[in-house]
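Undergrad: sequence and computational prediction follow.
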Amino acid sequence: YMGTLSECLFFFDMSSDSDGHNVVGLPLLFVWFCILLGVTVRVLLRRIPSHLRPPYTCILFLLGMVLEVWADNDAAGLLGDAFLHVLGVDPHLLLVVFLPPLLFESAMAMPMHIFRRTAGQALLLAGPGVLLSTALTGALARGIFASYGWGWSTCLMFGALVSATDPVAVVALLADLGAPATLSSLIEGESLFNDGSAMVVFLIFKQFAGGLRPSASEVVEQVCRLSLLGPVLGAAMGAAMVFALSIIFNDALSEISITITTAFLTFWLAEATSLRSSGVLATVILGLVMAWHGRRHVSPELHTALHQIWSELGYLANTLIFVVSGGIVAQKVHRGAGLLQAQDWGLIIALYVGLHVVRGAVLAALYPLLKRVGPGLTPPQATILWWSGLRGAIALVLVLLVEADPLIDQLTSDRMAVQVAAVVTLTLLINGTTTDILYLTLGLGRLPSAKMAVMSRVVEYIAQAVDRHGRVLREDAFFRDCMPLMQYLPQYDHVLYAPLPRSVRFLSRHVDRVAPQLVRRR
């Protein structure tokens, strides 16, 4: 499945191309260029108002497509050669290099005290939810892409491929809106687990789509190996990592090196050795072990640095994946005659709408259980969960694996790459930028009346304290010349003080006593 080491190492081949350029420098030139491109995009996006700002990864994907068209020109020079050279990289290398930082960083950053409450809901969505989504999406693809002549195995492989969600943009928006931590944890936990389960289902159906016919016992054996051996390996590697961290103190370089090495080694052991297990599940479990037990063994002064380093690795991986994926898709469309015709645009829109119908059906089927497990789920929260089903890096990497499979028809894999790329782009552009509007429209941004009343009384107490101290300063001859500075003190006239509702009126006896304590703590 992973291919041989020599097949991946051609990426760093020491030979020269037809123009005499040393090929070993081309990948490095591409990486440096992508980093500078990503920094430029981030700086420019920060100048755009947040409600009008397009997703960072979507811009990179579109720029990757533009760069591929530019690199095909002879005038592109060495940078164009570097870009085209990287587009020919083995997708398995992308899998091994880019997925571990993305998965480990997301899992390690999970707030475990909240994730424990939402883990049951996430497992429901990542287990039965992914299976149901794969079946419904496969049936949808069978109907929509009838003109493509896709069989059931190809459609089900496609259904598993697009079942992997990537809600990074949505989680960031929810954090800015002050959404409940349980909702953000559920969305991110679902993404972590369904990446692994979707990949397991994808690998099973990819065999059938390639013309192989494994027996029922072989399929059961492969499912057990992928879904069970991977988590066991991740837990074992996590225990070894925690032990190594526990015997090291106040050595930042060693501790950070242990986490980086363990993350990449775990993924490689699961995917590239005779274990032939799921590297995605192994790395996710490794990250959760780090979040659950490993943090307490990291030196106190290292926590911030460790988080920043892994955030940087995840950012670089996302940047490179989306630029490369955009270039590969553009290459398929650019060089494939008739690959993207007028009817295909209609199929893209139909697929985008159909995927939302499928996700709505899955959530509706599981809603009776979701609202009874963990912290529960309200209809407005379920609506946000439905709209947050973005597709991203995992779907792009998986479709590149389809491209690299010689057993799958080239035209089929090219069409699938175009459809997946279109879905990723549309979900990032539409869902990723409108989640905040939907969140506020559903009324989820309003605080509970009791909390609003208590906070209003606290703000009122602060305003009275500011006014009281201001009067004291105005009467003091020593500070009289400093009175123009009073205009820079915070003003609370615009705050609406909500009256205490009858159900919580008993709080009024205590709020005057609690408010000064809250102010002093603040």
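TA: Arrived safely, thanks for sending.
Undergrad: poorly predicted segments of the stretch 301-450 of the chain, please.
TA: Within the stretch 301-450 of the chain, the stretches with pLDDT under 70 are 335-339, 447-448.
Undergrad: in a strand, residue 408, correct?
TA: No. Read with DSSP: H, G, I helix; E, B strand; the rest coil, residue 408 is coil and lies in no strand.
Undergrad: buried stuff in stretch 33-51?
TA: 34, 37-38, 41 (16 or more other C-beta atoms under 10 Å). Just so you know, the C-beta spots here come from the backbone N, C-alpha and C atoms, and that holds for glycine as well.
Undergrad: meant to ask about stretch 87-100, not that
TA: Taking 16+ other C-beta under 10 Å as the criterion, stretch 87-100 shows 87, 89-100 as buried.
Undergrad: now stretch 262-270
TA: 262-264, 266-267, 269-270.
Undergrad: make TSV from those and add distance to residue 167 to it.
TA: Below are those laid out as TSV (distance: C-beta to C-beta, whole Å):
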residue	distance to residue 167
262	26
263	21
264	24
266	24
267	22
269	28
270	24
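Undergrad: and the residues you listed, which is closest to residue 389?
TA: Comparing those against residue 389 with C-beta to C-beta picks out residue 267 as the nearest, at 25.0 Å.
Undergrad: for the residue lying closest to the closest one once chain neighbours are set aside, what are its contacts?
TA: Closest residue to residue 267 apart from its sequence neighbours, by C-beta to C-beta, 6 or more residues apart in numbering: residue 279 at 4.0 Å. For residue 279, the contacting residues are 95-96, 99-100, 230, 266-268, 270-271, by C-beta atoms under 8 Å, 6 or more residues apart in numbering.
Undergrad: reformat those as a markdown table; add secondary structure and distance to residue 409.
TA: Below are these laid out as a markdown table (DSSP: H, G, I helix; E, B strand; the rest coil; distance: C-beta to C-beta, whole Å):
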| residue | secondary structure | distance to residue 409 |
| --- | --- | --- |
| 95 | helix | 22 |
| 96 | helix | 26 |
| 99 | helix | 26 |
| 100 | helix | 31 |
| 230 | helix | 30 |
| 266 | helix | 34 |
| 267 | helix | 29 |
| 268 | helix | 30 |
| 270 | helix | 29 |
| 271 | helix | 25 |
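Undergrad: coming back round to it: so which of the buried residues of stretch 262-270 is the closest to residue 237?
TA: residue 266 (4.5 Å).
Undergrad: I'd guessed that closest one sits against residue 237; true?
TA: Yes. Applying C-beta atoms under 8 Å, one finds residue 266 in contact with residue 237, separated by 4.5 Å.
Undergrad: next, show the common contact partners of those two.
TA: 282, 286.
Undergrad: just checking, what packs against the host helix or strand of residue 113?
TA: Using DSSP states H and E, residue 113 sits within helix 112-126. Using 3 or more C-beta pairs under 8 Å, 6 or more residues apart in numbering; DSSP states H and E, the elements in contact with helix 112-126 are helix 181-209, helix 342-370.
Undergrad: contacts for it?
TA: With C-beta under 8 Å, 6+ apart as the criterion, helix 112-126 contacts 181-182, 185-186, 189-190, 192-194, 196-197, 288, 291-292, 362, 366, 369-370, 373-375, 377.
Undergrad: mind listing what's buried along the following helix or strand past it?
TA: Counting by DSSP H and E, the next helix or strand C-terminal to helix 112-126 is helix 128-144. Burial within helix 128-144, assessed by neighbour count using 16+ other C-beta under 10 Å, is assigned to 129-142, 144.
Undergrad: residue 79: which of those is nearest?
TA: For the buried residues of helix 128-144, the nearest to residue 79 is residue 141 (37.7 Å; C-beta to C-beta).
Undergrad: which one of the helices and strands packed on helix 112-126 lies closest to residue 436?
TA: Among those, helix 181-209 comes nearest to residue 436, with 13.1 Å by C-beta to C-beta.
Undergrad: next, the angle from that closest one to helix 112-126.
TA: Here helix 181-209 points in a direction 40 degrees away from that of helix 112-126 (axes from the mean of the first three to the mean of the last three C-alpha atoms, to 10 degrees).
Undergrad: helix 181-209 to helix 128-144, inter-axis angle?
TA: Relative orientation of helix 181-209 versus helix 128-144 (the same axes, to 10 degrees): 50 degrees.
Undergrad: where does helix 181-209 sit relative to the chain's centre, distance-wise?
TA: 12 Å (C-alpha atoms, centre = their mean, to the nearest Å).
Undergrad: can you name the element that comes right after that helix?
TA: helix 216-224.
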